[in-house]
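Chemist: A structural model of the following input is requested.
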Amino acid sequence: MRRIERYLSLAWESRAVPVVVLNKSDLCQDAESKKAEVEAAAPGVDACLVSARQLTGMDVTFRELILIPGGGMVIDTPGMRELQVWGDEAGLKQAFDDIEDLSANCRFKDCSHENEPGCAVRSAVKNGALDRKRLESYLKLKREYAYLSDRLTMKASAIEKARWKPISRLARKLKKDAL
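Modeler: Numbers count the residues shown, from 1 in each chain. Okay, the predicted model is just below:
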């Protein structure tokens, strides 16, 4: 579920309309409950089941973009080792809109949902309205977006510093030559 949340955050960020496809549903003893789990972790996202018989002969050993008749695309991959966040937190807010809605009731507007008093999100975890692992996933992705933002700021700062370095050297040299 945590990986699905990560993928959804990036899909929403890209302005795509995500759909979660659960394959080999006929090989899973409780496919409908798994689908319900995914739908709970992905509010507002359609989840569908596909049987192994529908996938016969479609063993994927390479990445493939499949155009769907009537519109849409599916990216089929043999698996990914890593998926890093990119952009701003718009996709995160959409993938975790349940947490965003709860946070509107926190005592403090800048609540980090870690240890502030009057946190509506932590209260929802305590009373069972919100899964603790979902909150942990949200906070982890939020930290990744903050790290990305810091990296981009540092990169911009380093570029600016590099741009001014020769100008400063020239100014010092001109000042020294004038003396």
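
Chemist: all helices for this structure, in order.
Modeler: Along the chain, counting by DSSP state H, helices occupy 2-13, 31-41, 90-95, 97-103, 120-126, 132-178.

Chemist: Go through those helices and name the closest to V21.
Modeler: Closest to V21 of those is helix 31-41 (Cβ to Cβ; 9.9 Å). Yep, even glycine has a C-beta here, placed from its N, CA and C like the rest.

Chemist: so how far is that closest one from its chain's centroid?
Modeler: Computed by Cα atoms, centre = their mean, to the nearest Å, the chain-centroid distance of helix 31-41 equals 19 Å.

Chemist: For it, C-alpha coordinates in CSV please.
Modeler: Extracted in CSV, the C-alpha atoms of helix 31-41 (Å, rounded to 0.1, in the frame of the first residue of the first chain):
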residue,chain,number,x,y,z
ALA,A,31,-8.8,-10.4,-4.3
GLU,A,32,-11.9,-8.4,-3.5
SER,A,33,-10.5,-7.6,0.0
LYS,A,34,-7.2,-6.6,-1.5
LYS,A,35,-9.1,-4.3,-3.9
ALA,A,36,-10.9,-2.8,-1.0
GLU,A,37,-7.6,-2.2,0.8
VAL,A,38,-6.2,-0.4,-2.3
GLU,A,39,-9.4,1.7,-2.6
ALA,A,40,-9.0,2.7,1.1
ALA,A,41,-5.4,3.7,0.6
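
Chemist: in that helix, what's buried?
Modeler: Within helix 31-41, the residues that count as buried by 16 or more other Cβ atoms under 10 Å are 34-35, 37-38, 41.
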